[in-house]
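Q: For reference, the sequence and a predicted model appear below.
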Amino acid sequence: MLDLKFVRENPDIVKQNIKNKFQDEKLPLVDEVIDLDAQRRAAQQEADRLRAEKNKISKQIGALMAQGKKEEAEEAKKKVAADAARLEELSVLEKELGEKVTKIMMVIPNIIDPSVPIGKDDSENVEVQRYGEPVVPDFEIPYHTEIMERFHGIDLDAAHKVAGNGFYYLMGDIARLHSAVIAYARDFMINRGFTYCVPPFMIRSNVVTGVMSFAEMDAMMYKIEGEDLYLIGTSEHSMIGKFIDTIIPEAELPYTLTSYSPCFRKEKGAHGIEERGVYRIHQFEKQEMIVVCKPEESPMWFDRLWQNTVDLFRSMDIPVRTLECCSGDLADLKVKSVDVEAWSPRQKKYFEVGSCSNLSDAQARRLKIRVDGENGKYFAHTLNNTVVAPPRMLIAFLENNLQADGSVRIPEVLRPYMGGMTEIR
């Protein structure tokens with residue numbers, strides 16, 4: 001969420017940013033929110049004036065009564081009563097206008113970083129760099145669930161009967177591989193100085209609206225019936241929510257945390273849940289990383305975060321590339337985002353396995369996460385990035401480590417987590 005003062009003073013910049021994100025339908029909101037804010041401030045000023053006058057007259061009433069001037073005192077009391085009624089009206093008006101202003105401000109997108117390429121959607125994202133040589137072997141690579149089924153490692157039919165499409169049972173060595181990747185990713189991030197955390201897997205509505213836009217919320221979140229609780233779509237939601245309504249001593253920053261959680265997503269409006277695949281599903285597990293830092297440090301942490309994911313995948317011999325997300329592909333709270341994509345030898349192309357985002361002070365402003373610095377209080381910056389999400393990681397892992405005889409090679413870094421196994425047969 002933007003600073004309202006910034007919107008008032010820079011309406012043209014805000015409007016151009018909306019155009020850059022191809023959300024022209026939101027352009028009228030800028031003038032509307034400025035007008036509503038002006039009305040709210042006018043009501044507030046009138047209320048402040050009436051309160052000051054009320055205090056002044058109240059003192060006069062006491063003096064008049066002491067002087068025996070009852071009639072003048074009664075007239076003054078009538079004036080106070082009339083002002084009290086007007087104050088009540090203004091109080092209601094202030095609240096109504098404030099709610100309208102907040103509702104609009106929650107929809108106006110954050111100002112994107114000047115380095116972000118302008119484009120309508122993810123088809124216009126820009127490749128930044130490739131890491132590792134993409135290889136297409138001289139033998140056929142089956143669909144990822146076929147590879148898993150050869151090892152009796154997945155049961156989609158049973159999951160369909162139990163929960164429907166978008167769910168799966170992982171079994172045997174494939175299930176063990178899934179857990180090994182999560183454990184390795186956890187230790188990888190701990191070794192890079194991040195504090196490990198297992199957060200709540202449900203959050204309240206005020207945290208949901210603090211960490212994401214209404215559109216994302218509607219497309220992703222599962223609501224718990226009869227409760228003010230939502231299942232998290234990623235542990236970032238809980239992890240940023242951990243700091244809600246706090247004042248952090250500047251000397252304690254940055255907070256660097258890595259968290260494990262299951263993730264639950266409706267995938268509403270997405271490309272569809274696969275009948276036989278695990279690329280887009282309703283439930284999965286993930287290792288995440290988040291940073292809460294000073295504003296001037298967030299660009300540096302942004303580059304560190306996506307580099308962590310690149311390094312993790314490369315340590316398992318999986319070729320990856322980074323993509324700079326264009327303006328139209330950025331969620332409203334994000335100022336800059338880089339996707340990490342892994343190489344698929346079967347498809348002969350890259351596919352997304354992680355996303356790194358800098359949200360500047362957008363989440364902090366919504367959640368009231370402030371820093372107590374030498375020159376006063378200010379809003380922190382928040383960033384997040386996927387360490388690894390095993391369903392997609394498993395696809396990349398199995399395709400890139402599949403051998404001609406049908407076995408799957410276990411990279412050296414994962415062997416301690418797989419009981420010393422060098423391959424799955």
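A: All right, it came through fine. Numbering: from 1, shown residues only.

Q: Phi and psi next, for Glu227.
A: phi -130, psi 150 (degrees, to the nearest 10).

Q: tally of neighbours for it?
A: 10 (other CB atoms under 10 Å). In this view, the C-beta of every residue, glycine as well, is placed from N, C-alpha and C.

Q: Ala219 versus that one, what's the distance?
A: Separation of Glu227 from Ala219 (CB to CB, to the nearest Å): 21 Å.

Q: low-confidence ranges in the chain?
A: Where the chain drops to pLDDT under 70, the residues are 59, 62, 64, 66, 73-74, 269-275.

Q: What ranges does it have for its helices?
A: Assigned by DSSP state H, the helices in the chain fall at 4-9, 11-20, 27-66, 70-105, 144-150, 156-163, 172-190, 205-211, 214-220, 235-241, 298-315, 362-367, 390-401.

Q: residues touching Asn308, list them.
A: Contacts for Asn308 (CB atoms under 8 Å, 6 or more residues apart in numbering) come out as 188-189, 192, 289, 385, 387.

Q: quick revisit: distance to Arg425 added to the helices of the chain, as TSV?
A: Below are those laid out as TSV (distance: least, CB to CB, whole Å):
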stretch	distance to Arg425
helix 4-9	60
helix 11-20	53
helix 27-66	59
helix 70-105	58
helix 144-150	10
helix 156-163	22
helix 172-190	9
helix 205-211	43
helix 214-220	38
helix 235-241	34
helix 298-315	23
helix 362-367	46
helix 390-401	13
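
Q: wait, which of those helices is closest to Pro137?
A: With CB to CB, the closest approach to Pro137 among the helices of the chain belongs to helix 390-401: 9.4 Å.

Q: Not counting that closest one itself, show me its contacts.
A: For helix 390-401, the external contacting residues (CB under 8 Å, 6+ apart) are 135, 141, 144, 147-148, 174, 177-178, 181-182, 278-279, 281, 284-286, 313, 316-319, 342-346, 351-353, 408-411.

Q: can I get the CA coordinates of it in PDB?
A: The C-alpha coordinates for helix 390-401 follow below in PDB (Å, rounded to 0.1, in the frame of the first residue of the first chain):
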ATOM      1  CA  PRO A 390       9.300 -30.200  -4.000                       C
ATOM      2  CA  PRO A 391       6.500 -31.000  -6.500                       C
ATOM      3  CA  ARG A 392       8.100 -28.800  -9.100                       C
ATOM      4  CA  MET A 393      11.600 -29.600  -7.800                       C
ATOM      5  CA  LEU A 394      10.800 -33.300  -8.200                       C
ATOM      6  CA  ILE A 395       9.900 -32.800 -11.800                       C
ATOM      7  CA  ALA A 396      13.200 -31.000 -12.500                       C
ATOM      8  CA  PHE A 397      15.100 -33.400 -10.400                       C
ATOM      9  CA  LEU A 398      13.800 -36.600 -11.900                       C
ATOM     10  CA  GLU A 399      14.100 -35.300 -15.500                       C
ATOM     11  CA  ASN A 400      17.700 -34.000 -15.100                       C
ATOM     12  CA  ASN A 401      18.900 -37.000 -13.100                       C
END
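
Q: tell me the angle it makes with helix 172-190.
A: Angle, helix 390-401 to helix 172-190, by axes from the mean of the first three to the mean of the last three CA atoms, to 10 degrees: 100 degrees.

Q: quick one: buried residues of helix 390-401?
A: For helix 390-401, burial by neighbour count (16 or more other CB atoms under 10 Å) applies to 390-401.

Q: Against Ala76, how distant is the residue sitting furthest away from the middle of the chain?
A: Distance to the chain centre peaks in the chain at Gly68, reaching 66.6 Å (criterion: CA atoms, centre = their mean). Distance, Gly68 to Ala76, using CB to CB: 14 Å.
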